[in-house]
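Participant: what follows is a predicted protein model with its sequence.
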Amino acid sequence: MGCGTSWTHGAAGRSRRPRRRRVLPPQPQPRRGLRGDVVAEPLLEVKGLSVDYEVGAGTFHALSEVSLELPAGHVVGIVGETGCGKSTLAHAIPRLLREPPARIRSGEVRFRGMDLLTLPKWKLPLVRGTG
């Protein structure tokens with residue numbers, strides 16, 4: 001499924017401004033724990049995310065194999081020393097890094113089951129809530 005545009009017609013048959021509708025992907029099947037109980041699917045799941053920056057004649061490895069899960073309804077703080085990759089992580093998850101010089105080398109980022117790293121760029125504003 002994707003995003004579509006629908007036209008609304010007035011009483012005289014004149015077209016009004018297009019109205020965008022967001023279509024969310026189908027909800028994934030629930031995961032089962034070791035005992036067979038249902039485990040909630042994480043809202044955000046990052047697996048093995050690695051990000052590089054091309055600097056001068058070399059490559060700076062900013063993130064290496066970062067993984068995290070964020071269940072729905074929870075709040076997470078990313079803390080660390082200056083230059084440890086907090087901002088790079090925050091920009092890499094919704095694909096807001098400037099490429100180049102940044103490059104997502106590997107990993108997966110799933111939001112509500114959608115793989116954000118393989119999603120077409122034109123769909124990203126819809127996921128971010130800016131489109």
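Facilitator: Sure, I can see it.
Participant: pull up the distance across stretch 81-94, start to finish.
Facilitator: 22 Å (CA to CA, to the nearest Å).
Participant: let me know the average pLDDT across it.
Facilitator: Mean pLDDT, stretch 81-94: 91.
Participant: what's the answer for stretch 43-51, then?
Facilitator: The average pLDDT for stretch 43-51 rounds to 93.
Participant: next, the buried residues of that stretch.
Facilitator: Neighbour counts using 16 or more other CB atoms under 10 Å place Leu44, Glu45, Val46, Leu49, Ser50, Val51 of stretch 43-51 among the buried residues. Backbone N, C-alpha and C define where each C-beta goes, glycine included.
Participant: what packs against the helix or strand harbouring Val109?
Facilitator: Using DSSP states H and E, Val109 sits within strand 102-111. If contacts are counted by 3 or more CB pairs under 8 Å, 6 or more residues apart in numbering; DSSP states H and E, strand 102-111 sits against strand 44-55, strand 58-70, helix 86-92.
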